[in-house]
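> Kindly generate the corresponding structure for this input.
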Amino acid sequence: MVRPAADPLSPDEVKRYARHLTLKGMGGAGQQALKRAKVLVVGAGGLGSPVIAYLAGAGVGTLGIVDHDTVSLSNLHRQVVHSEIGAGKAESAARFARVLNPHVDVVVHDIELSAANAGTLLAGYHLVLDGTDNLVTRRAVAAACETLGLPLASGAVSMFDGQVTVFAPGGPRFADLYPAEADDGDLPSCEATGILGPLTGVIGTLMAMEAIKLLTGIGEPLIGRVLTYDGQGARFSEFSY
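Numbers count the residues shown, from 1 in each chain. Okay, here's the model as predicted:
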């Protein structure tokens, strides 16, 4: 997908992104790449919250947010972009992002993503991040990304542990990591087993890091590799698939 040239950085943006602009490997070219980018975050919950915060802060030009849920009191220990009980999560996250960085164009998709509408929702974006908590939605997002040729940064968390990977055109597919026989019934739910709040910050921030690497060409993305985090043991591990 060809990206149009970004407008020059304004004086406010130069000050705002000063630490990026002086960072070797990022600089002006990397910041302009972020400004040109259109990124879609699917899920504005525990993982989506840090993703949205850090991508908005980093200066992604267009940030789309998909979520049809509303904020509940039990969300607040980990979903740090929200504060108003009962508010729609997509719009609540968008308000946070707009206050944090008015230079970001935030697009709200207050709708439930499904296999039927995923292709339409994802079309026009350059990169997708999925922080949803069920395989039905995750499969729909992955299938649409494959069809549209979009890279996908995917994160998952449970109790004290989490993982991050990247699916990219030409690389291993979602089905290589999650076979067709895998079912949501085989996975523990957050409601049933609980989850430590900061865990979502660790994994969501890693997802944002992968997104910035993919958009700017910095470093080596987690394509074909899963980075896992053991929160109790404070250990990162990695395996290939």
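
> And residue 164, how close does it get to residue 6?
27 Å (CB to CB, to the nearest Å). C-beta here means a position set from N, CA and C on the backbone, and glycine is covered the same way.

> Would you mind identifying the next helix or strand past the biggest helix by length in the chain?
Longest helix in the chain, counting residues (DSSP state H): helix 197-216. Of the helices and strands lying after helix 197-216 in sequence (DSSP states H and E), the nearest is strand 225-230.

> Show me which positions of that following strand end up buried.
Neighbour-count burial for strand 225-230 flags 225-229 (criterion: 16 or more other CB atoms under 10 Å).

> Likewise for stretch 9-27?
Buried, per 16+ other CB under 10 Å, within stretch 9-27: 9, 13, 16-17, 20-21, 26.

> Check stretch 195-214 too.
195-196, 199-214.

> picking that back up, between residue 164 and residue 6, which is the more surrounded one?
residue 164 (24 against 15; other CB atoms under 10 Å).

> OK, contacts around that one?
By CB atoms under 8 Å, 6 or more residues apart in numbering, the contact set of residue 164 is 153-155, 203, 206-207, 210, 222, 226-227.

> now residue 163
Going by CB under 8 Å, 6+ apart, residue 163 touches 155-157, 203, 226-229.

> so where's this structure uncertain?
1-4, 185-188 (pLDDT under 70).

> can you give me the helices for it?
11-16, 18-21, 27-36, 48-58, 89-100, 118-122, 135-148, 174-177, 190-193, 197-216.

> Quick one, which of those gets closest to residue 74.
Nearest of the helices of the chain to residue 74, taken as CB to CB: helix 190-193 at 8.5 Å.

> what does the closest one contact?
46, 133, 158-159.

> and if we set it to 6 Å?
Identification of contacts with helix 190-193 by CB atoms under 6 Å, 6 or more residues apart in numbering yields residue 159.

> Show me which residues of it are buried.
Of the residues in helix 190-193, those buried (16+ other CB under 10 Å) are residue 190.

> Would you mind writing the CA trace of it as PDB?
In PDB, the C-alpha atoms belonging to helix 190-193 read as follows (Å, rounded to 0.1, in the frame of the first residue of the first chain):
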ATOM      1  CA  CYS A 190     -10.100 -13.400  32.300                       C
ATOM      2  CA  GLU A 191     -13.400 -13.400  34.300                       C
ATOM      3  CA  ALA A 192     -12.700 -17.000  35.500                       C
ATOM      4  CA  THR A 193      -9.000 -16.900  36.300                       C
END
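
> can you give me the offset of that helix from its chain's centre?
22 Å (CA atoms, centre = their mean, to the nearest Å).

> quick one: which of the helices of the chain is nearest residue 168?
Of these, nearest to residue 168 by CB to CB is helix 197-216, at 7.7 Å.

> Which strands or helices does that closest one pack on?
Judged by 3 or more CB pairs under 6 Å, 6 or more residues apart in numbering; DSSP states H and E, helix 197-216 is in contact with helix 27-36, helix 48-58, strand 127-130, strand 152-158, strand 161-167.

> Arrange these in JSON lines, one row each, with distance to residue 190 as further columns.
Below are the helices and strands packed on helix 197-216 laid out as JSON lines (distance: least, CB to CB, whole Å):
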{"stretch": "helix 27-36", "distance to residue 190": "31"}
{"stretch": "helix 48-58", "distance to residue 190": "14"}
{"stretch": "strand 127-130", "distance to residue 190": "16"}
{"stretch": "strand 152-158", "distance to residue 190": "8"}
{"stretch": "strand 161-167", "distance to residue 190": "12"}
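
> Which among the ones you listed is found nearest to residue 113?
Of all these, strand 127-130 comes closest under CB to CB, at 9.4 Å.

> ok, the residue nearest to residue 210 when sequence neighbours are not counted to residue 127 distance?
Leaving aside its chain neighbours, residue 210 sits nearest to residue 153 (4.5 Å; criterion: CB to CB, 6 or more residues apart in numbering). Distance of residue 153 to residue 127, computed by CB to CB: 7 Å.

> Perfect, that will be all.
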